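1. just to be clear, the model below is a prediction. Sequence and coordinates:
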Amino acid sequence: MMADRDSLLGVVARRQADSLEDAAMDALSFILSRRASARSALSEFLRVGAGQPLSVTNVKSKTAIGGGAIAEMACSDEHGNLVVFIESISWGTLTDNQPAAYWQALSADTPAVLLFLAPHRRIESGSLWDELVDRLRKADVELADETVTDGLITAVATDGRRLMLTSWEVLLGRTAEIARNNDDFQVCFEISQLEGLAAAAVKGEGTTADESLRASFADAVDHLKRSGWANTDRLNVGAGASYYARYFRLAGAPTGLRIDYEDEKRRPDRSLWLWFWHEDDAKLSAKDVARLLDQAGEVGQVSRGTRLLMPIDLPAGTDGQATVDTLVAELERIAHLLDPSGPTYRDAPVSGDSRNPQPDKRPHQSGEQTGECAPIKVVSWNIATMDKPWRELVEMDADVALLQEARRPPAEVAEHLDIGPQESWDSHSWNSDWWRGRRRGRALFDRWPMVVRLSDRVEIEWFKQVGPTAWPGENEIAVSGIGTVAAAHITPKDSSIEPFFAISMYGRWIPPHRSVETELQIGYADASVHRIISDLSAFIGFANRRTHRILAAGDLNVTYGYGHGSGPYWDARYRNLFERFESVGLEFMGPQLPNGRQARLATGEPEDSENVVTYHLPNWTPATARNNQFDYVFASRGFHRSLKVRAMNEVDEWGSSDHCRLLIEIGE
């Protein structure tokens, strides 16, 4: 079929763009410049987040805006004010001028938007948005009122200009929907053509290369199996929104070739890693590998919990076979360092194909599922020093428990779980005996937060508690409160769920100093929680919130959204506490409605509160529990999207403690 010169296909064919992404931007510019209803639909879409309409009259592509910057698409209003820039970056990196130069070129006298288009996977990871915001901040532009709705992220500056990030799919889908509602089916038709082109652009610049690299992983591992250096028994592939990995054993060490998609965009020379991890029956542990590589003079390795990361350099611009040859040569070199007498598996039979790994032949462990990976289940629970909750825990199909006010489990259940070494939860281990004999000493120091392993679906590395110090050891955590925190590193087995840090938190009540008069009957707990936030900050190594994976949960003994009905002073104190969690990159996960039975409004609580009841007063019951939520969950930004949280606060599921259980399910 011949393309009409004035059709969408005609303009794309005529321009013969160098890349599909350029073609998609040209096509969008063509639609907007020729169709007033398309410009109206775009204006309606861009008003999201501020409520003010934009006036888009003229659309131009490849527009110089000063300082050497070229806007891919610039939209102006009837007065010639530049009100919209649209930039598509797909898998590329930001230019030196993005976004600051574009922001400065936007009109500051009328509603204006700087819109970036990126693949959904990049948006979900969050690093691109963080980089945009950080670059604007360095240009003295402060953004506020960040909102995330259905694949669209928006933030507003004080002058009303907005930064927006979304995908081609969302932009075109919403624009077509608005045009359809206005009965403009020609615009809908042209956008439907553009949707296919945009999808091809995203796939063509990301997925094809990714699939080629996956095939190279498989070929390299197959080669190593044939040469006796690799073994893949019971190991498979792992994949998530931010990574792909092929797991195998190299010279006796469990490892995996792993590509991190966001690293690929930021630093292409450091996106491929060889990951070594701990396996109980392995010939070499990650620590053994680190020692051998250090002895051989290797550099660049990075320790991360129980894992060791080693960068793999690939020459740029190589074809698939050259990539395989490079991988094989580098992996065989490393294998010789780990096992000089190898090949390690020279006598092992070689079967199967790494591209189509054989099914795992092991018996399924308790609670294990075939098919899609079963979520890791974590329970947060204040068990009030009681024995019965321990029995209820082992009857749950859960993997990890984050407990508060716990003592040692009764003997009959102790063999069914693992509370870790005493130094990981008993603050007496580092705090000497100064407290003995003091008034109320027993009541304050006979119960602890704990991280407990409940199933064999996870491995746990507990952190030994030490006193406040700037340089704790690799397996230690410096704590500043007594019985307020326990921490561990959780590694899920046989799944694509990445490891994470788990923190059990308990907001201990602290009375005012005896030298001051007070109106407080039992004191305040927020001071303890502030100490907890400071302690867990040790697991945050980057300003980018999505670089850490932390799950923190427990009984904080504070209320969310109001100050326990005690007036503006306590409203402000408690608000500051939750803002501090957010400031270090921990998202508030509730639980809130509808994920639990709603708490009745308490004195001073906002009418739109979505709090759920998690605690009942002494001599009350789960059935009469009314208006107290003291238990909460927080998770690192990005990681939080893989969590589902609910309060098990219905009468028949509450449990034997005065606090109900919080159930946290962690997926891929």
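-> Thanks, I have it.

2. mind listing what's buried in stretch 584-597?
-> By 16 or more other CB atoms under 10 Å, the buried positions in stretch 584-597 come out as Val584, Gly585, Leu586, Glu587, Met589, Gly590, Pro591, Gln592, Asn595, Gly596, Arg597. C-beta: built from backbone N, CA, C; applies to glycine.

3. now swap in stretch 454-463 and tell me
-> Leu454, Ser455, Arg457, Val458, Glu459, Ile460, Glu461, Trp462, Phe463.

4. for the last one, give me its contacts.
-> For Phe463, the contacting residues are Ser424, Asn475, Glu476, Ile477, Ala487, Ala488, His489, by CB atoms under 8 Å, 6 or more residues apart in numbering.

5. which of those sits closest to Glu169?
-> Taking CB to CB as the measure, Glu169 lies nearest His489 of the contacts of Phe463, at 36.4 Å.

6. for the closest one, helix, strand, or coil?
-> Per DSSP: H, G, I helix; E, B strand; the rest coil, the secondary structure class of His489 is strand.

7. OK, contacts around it?
-> Counting by CB under 8 Å, 6+ apart, His489 has contacts Gly305, Thr306, Ile460, Glu461, Phe463, Pro499, Phe500, Phe501, Ala502.

8. at 10 Å what do you get?
-> When contacts are counted by CB atoms under 10 Å, 6 or more residues apart in numbering, His489 touches 304-307, 451, 459-463, 475, 499-502, 539, 549.

9. can you select the buried ones from those in PyMOL?
-> Buried members of the contacts of His489, defined by 16+ other CB under 10 Å, are picked up in PyMOL with:
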select buried, resi 305+306+307+451+459+460+461+462+463+499+500+501+502+539+549
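
10. restricted to strands, list the contacts of His489.
-> By the criterion of DSSP state E, membership of the contacts of His489 in strands covers Arg304, Arg307, Val451, Glu459, Ile460, Glu461, Trp462, Phe500, Phe501, Ala502.

11. now do the same end-to-end measure for stretch 592-611.
-> 5 Å (CA to CA, to the nearest Å).

12. same question, stretch 333-342
-> 11 Å.

13. in that stretch, what's buried?
-> Buried positions in stretch 333-342, judged by neighbour count with 16+ other CB under 10 Å: Ile334, Ala335, Leu338, Asp339, Gly342.

14. go through those residues and name the one nearest Ile31.
-> Nearest to Ile31 among those, with distances taken as CB to CB, is Ile334, at 52.5 Å.

15. what score does Lys138 have for pLDDT?
-> On the pLDDT scale, Lys138 is placed at 88.

16. repeat for the one 3 residues further on
-> pLDDT for Val141: 91.

17. A strand includes it, no?
-> No. Checked against three-state DSSP, Val141 lies outside a strand; its state is coil.

18. and it, how many neighbours?
-> 18 (other CB atoms under 10 Å).

19. then Glu298?
-> As a burial measure, Glu298 scores 15 neighbours (other CB under 10 Å).

20. same thing with Ala64?
-> When neighbours are counted by other CB under 10 Å, Ala64 comes out with 11.

21. ok, Gly67 next?
-> 12.

22. and the pLDDT for it?
-> Predicted confidence (pLDDT) for Gly67: 72.

23. what of the one 5 residues further on?
-> Glu72 is assigned 89 on the pLDDT scale.

24. and it, how many neighbours does it have?
-> If we define neighbours as other CB under 10 Å, then Glu72 has 20 of them.

25. what kind of secondary structure is it in?
-> Applying three-state DSSP: Glu72 is strand.

26. on that earlier part again, now, the buried residues of stretch 333-342 that are in helices?
-> In helices, defined here by DSSP state H, the members of the buried residues of stretch 333-342 are Ile334, Ala335, Leu338.

27. the first one contacts Glu298, correct?
-> Same thing as Ile334. Yes. Using CB atoms under 10 Å, Ile334 makes contact with Glu298 at a distance of 8.2 Å.

28. quick check: neighbours shared by these two?
-> Val289, Leu292, Met310.

29. which secondary element of the chain has the worst mean pLDDT?
-> The helix or strand of the chain with the poorest confidence is helix 441-444; it has a mean of 44 (mean pLDDT, DSSP states H and E).

30. where do the helices sit along the stretch 101-250 of the chain?
-> For the stretch 101-250 of the chain, the helices identified by DSSP state H, counting those that start in this stretch occupy 120-125, 127-138, 168-181, 185-202, 208-227, in order along the chain.

31. in JSON lines, list those along with mean neighbour count and distance to Gly567.
-> Formatted as JSON lines, these follow (neighbours: other CB atoms under 10 Å; distance: least, CB to CB, whole Å):
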{"stretch": "helix 120-125", "mean neighbour count": "19", "distance to Gly567": "41"}
{"stretch": "helix 127-138", "mean neighbour count": "18", "distance to Gly567": "35"}
{"stretch": "helix 168-181", "mean neighbour count": "20", "distance to Gly567": "44"}
{"stretch": "helix 185-202", "mean neighbour count": "18", "distance to Gly567": "53"}
{"stretch": "helix 208-227", "mean neighbour count": "19", "distance to Gly567": "56"}
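
32. among those, which is nearest Tyr506?
-> From the helices of the stretch 101-250 of the chain, taking CB to CB, the stretch that ends up closest is helix 127-138, at 31.4 Å.

33. same for the closest one, what does it pack against?
-> If contacts are counted by 3 or more CB pairs under 10 Å, 6 or more residues apart in numbering; DSSP states H and E, helix 127-138 sits against helix 100-105, strand 113-117, helix 120-125, strand 143-149, strand 152-157, strand 162-166, helix 261-266.

34. lowest average pLDDT across the ones you listed?
-> helix 261-266 (a mean of 52).

35. could you identify the helix or strand that succeeds that one?
-> strand 272-276 (DSSP states H and E).

36. I figured Leu308 hits Gly256, correct?
-> No. Judged on CB under 10 Å, Leu308 makes no contact with Gly256 at a distance of 11.4 Å.

37. any shared contact partners between those two?
-> Trp273, Leu274, Trp275, Phe276, Trp277.

38. might one say that the first one is in contact with Gly256?
-> Spelled out, that is Trp273. Yes. The pair Trp273 / Gly256 is scored as a contact, 8.6 Å apart, by CB under 10 Å.

39. tell me the strands beside the helix or strand encompassing Ala486, with direction?
-> According to DSSP H and E, Ala486 maps onto strand 485-492. Applying DSSP bridges, strand 485-492 is found paired with strand 458-462 (antiparallel), strand 500-506 (antiparallel).

40. least reliable of those going by mean pLDDT?
-> Comparing mean pLDDT over the strands paired with strand 485-492, the weakest stretch is strand 458-462, at a mean of 90.

41. which residues are contacting it?
-> Under CB under 10 Å, 6+ apart, the answer for strand 458-462 is 277-280, 305-306, 376-378, 399-400, 418-425, 450-453, 474-475, 477, 486-493, 495, 497, 499, 501-502.

42. same thing but 7 Å
-> 278, 305-306, 376, 399-400, 420-421, 424, 451, 453, 488-493 (CB atoms under 7 Å, 6 or more residues apart in numbering).

43. filter the residues you listed to the buried ones?
-> Applying 16+ other CB under 10 Å to the contacts of strand 458-462 flags 278, 305-306, 376, 399-400, 420, 424, 451, 453, 488-493 as buried.

44. any chance of the contacts of Phe463 in TSV, plus pLDDT?
-> Shown next, in TSV, are the contacts of Phe463 (pLDDT from 0 to 100):
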residue	pLDDT
Ser424	87
Asn475	82
Glu476	87
Ile477	88
Ala487	94
Ala488	93
His489	92
